[in-house]
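A.B. asks: missing the sequence, but the structure's below:
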């Protein structure tokens, strides 16, 4: 199975800040990396797929990059609604695996 | 617009089974892949398995292979997760999700709202 790691595990930031979350795969997954946002009581929301493609309806302040084993999710200017937990997930092979999550909190 | 409507919350005893349903509308049920993902309290997201209704062949995470059955009824566009021999650490919110395939891109784009399964004696 492909193991996914994320850093940091938690992050405190302020509205307007630029934040970056890193995801690493235990083996190369080319571009097959997706990012999700999860808020309590809600279903996960797809933000980015295939490393850098913004899902329809997702604000352009979200962006993704990377390939191979190392990927990043960047939020260019944090908004109040962005405080949530973020997960990466590989779609290169089965079983699909998720990272452990990064909790983004208000400073 | 794809909608996935899941069955309601369940409370189960240890050792028993639970069956969660997920009714799809607005998409191409037979050719999409329907997966099940859970989140236990204080834990992250965990993929349990999936099925493409057209083929009927499920694909399971090894961790759940012995206790889970994922199935789909094309006639009603409904997917099912059957989890047996429940333990307290199976207490979780269980989500169904459509995995879309566009060219070589695979991603979970639509999700159900989740079904809370509580396992308690």
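C.D. replies: That came in fine, so what should we check first? This is a predicted model, so every value here is computed, not measured.

A.B. asks: any residue of stretch B:16-29 up close to chain A?
C.D. replies: No: applying Cβ under 8 Å from any Cβ of the partner chain, one finds stretch B:16-29 separated from chain A by no less than 11.7 Å. For glycine as for every other residue, the C-beta is placed from the backbone atoms N, C-alpha and C.

A.B. asks: repeat for stretch B:44-62
C.D. replies: Yes: Stretch B:44-62 lies within reach of chain A by Cβ under 8 Å from any Cβ, at B:44-47, B:49-50, B:59-62.

A.B. asks: Whichever of those residues end up buried, select them in PyMOL.
C.D. replies: Selection of buried members from the residues of stretch B:44-62 next to chain A for PyMOL, criterion 16 or more other Cβ atoms under 10 Å in any protein chain shown:
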select buried, chain B and resi 44+45+46+47+49+50+59+60+61
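
A.B. asks: Enumerate every residue touching the residue positioned nearest the centre of chain A.
C.D. replies: Central residue of chain A (Cα atoms, centre = their mean): residue A:35, 3.8 Å from the mean position. By Cβ atoms under 8 Å, 6 or more residues apart in numbering or on different chains, the residues touching residue A:35 are A:23, A:46-49, A:62, A:64, A:73, A:86-89.

A.B. asks: Ok, residue B:114 next?
C.D. replies: So residue B:114 contacts A:43, B:6, B:39, B:93-95 (Cβ under 8 Å, 6+ apart).

A.B. asks: Touching the lengthiest strand in chain B from outside, list them.
C.D. replies: Of all segments of type strand in chain B, defined using DSSP state E, the longest is strand B:92-102. Residues from elsewhere that reach strand B:92-102, judged by Cβ under 8 Å, 6+ apart: A:43-44, A:91, A:96, B:2, B:4, B:6, B:20, B:22, B:24, B:27, B:32-41, B:43, B:48, B:50, B:79, B:81, B:106-117.

A.B. asks: so how far is that strand from its chain's centroid?
C.D. replies: Distance of strand B:92-102 from its chain centroid, counting by Cα atoms, centre = their mean, to the nearest Å, is 7 Å.

A.B. asks: Buried residues of it, list them for me.
C.D. replies: B:92-100.

A.B. asks: cool, stretch B:73-91 as well?
C.D. replies: Judged by neighbour count using 16+ other Cβ under 10 Å, the buried positions of stretch B:73-91 are B:77-81, B:83, B:86, B:90-91.

A.B. asks: how about the strands of the chain, start to end?
C.D. replies: Went with chain A since none was named. Using DSSP E, strands in chain A cover A:4-7, A:10-13, A:19-25, A:33-38, A:45-49, A:53-54, A:62-67, A:70-75, A:85-90, A:97-98, A:102-106.

A.B. asks: Actually, chain B is the one I wanted.
C.D. replies: Taking DSSP E as the criterion, chain B carries its strands at B:3-6, B:10-12, B:18-25, B:33-39, B:45-52, B:57-60, B:68-73, B:78-83, B:92-102, B:105-111, B:115-119.
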